[in-house]
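K.L.:
need coordinates for the following:
(2 chains)
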Number of protein chains: 2
Amino acid sequence: MFLINERDVEWRRLDKGDAKGVLGKYLITDKEGAKKFHMRVFMVMPGGNTSFDQHIYEHEVYVMKGTGKLITIKENIKNEVTIKEGDAILVESNEIHQFFNNGVEPLIFLCVKGDPSIY
Amino acid sequence: MFLINERDVEWRRLDKGDAKGVLGKYLITDKEGAKKFHMRVFMVMPGGNTSFDQHIYEHEVYVMKGTGKLITIKENIKNEVTIKEGDAILVESNEIHQFFNNGVEPLIFLCVKGDPSIY
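P.N.:
Numbering: from 1, shown residues only, chains lettered A, B, ... in the order given. This is a model prediction of the structure:
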């Protein structure tokens, strides 16, 4: 068993690709003994966005605070949805995805990713 | 991509084993296209507890509201910790675990479980 409180982890800046205004905390990863999937929390500042991203591993996201939009592209079909507190979102394997904060407060969400080894 | 808001899913009673006062919502499962890990939310009422449970798949938990305690047993060593909002918890493969709400408000936590097929 491993336990950490989110408040005891510092935000760190994540500047992957074209990401803008994104901070993250890695809560449970392989370092903590999680071999199959990892739990992180991200904060996207107003006007910011995560990177335009695609990878084999799935994401499962839970929006804790704020509003925004999510763009996904699968088999060349683009989909755009608004997201808000309480939304649970599955981003499928190899689905292109990008989260935007078009609101006025930070957009905060949990994001679980599968370890590439399970694919 | 699949999206559902937690508020649009009804709580259902979960009476597994010796569970008491436990409600759950299954947010993202294999039915929604998640093949590797699933996202659920549980509510344990004051005085209630989840079942005394052990299985090959890991749990990753995030406490959203309330307080309680978690008992785990691994290699015959018992561990008891208090849990509170913001706690991120890894329950390892085959680790015995049981969550208790010894507070006065509902204990609500997200719980991601690995699909048995990845073990």
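K.L.:
any residue of the longest strand along chain A up close to chain B?
P.N.:
For chain A, the strand with the greatest residue count under DSSP state E is strand A:37-49. Yes: judged by CB under 8 Å from any CB of the partner chain, strand A:37-49 comes into contact with chain B at A:37, A:38, A:39. From N, CA and C alone the C-beta is placed, and that goes for glycine too.
K.L.:
likewise for stretch A:111-119?
P.N.:
Yes: against chain B, stretch A:111-119 shows contacts by CB under 8 Å from any CB at A:112, A:114, A:118, A:119.
K.L.:
against residue A:92, how distant is the second one?
P.N.:
Just to be clear, that refers to residue A:114. In this view, residue A:114 and residue A:92 are 11 Å apart by CB to CB, to the nearest Å.
K.L.:
residues shared between the contacts of these two?
P.N.:
By CB atoms under 8 Å, 6 or more residues apart in numbering or on different chains, residue A:114 and residue A:92 have these common neighbours: residue A:58.
K.L.:
rewinding a little: which secondary structure elements does the longest strand of chain A contact?
P.N.:
strand A:20-28, strand A:96-100, strand A:107-114, strand B:59-65, strand B:107-114 (3 or more CB pairs under 8 Å, 6 or more residues apart in numbering or on different chains; DSSP states H and E).
K.L.:
buried set for the fourth one?
P.N.:
Buried residues in strand B:59-65, defined by neighbour count with 16 or more other CB atoms under 10 Å in any protein chain shown: B:59, B:60, B:61, B:62, B:63, B:64.
K.L.:
quick revisit: more crowded one of residue A:114 and residue A:92?
P.N.:
Higher neighbour count among residue A:114 and residue A:92: residue A:114, with 23 against 16, using other CB atoms under 10 Å in any protein chain shown.
K.L.:
in three-state terms, label the nearest residue to the more buried one once chain neighbours are set aside for me.
P.N.:
Excluding its sequence neighbours, the residue lying closest to residue A:114 (CB to CB, 6 or more residues apart in numbering or on different chains) is residue A:57, at 3.9 Å. Recorded secondary structure, residue A:57: coil (DSSP: H, G, I helix; E, B strand; the rest coil).
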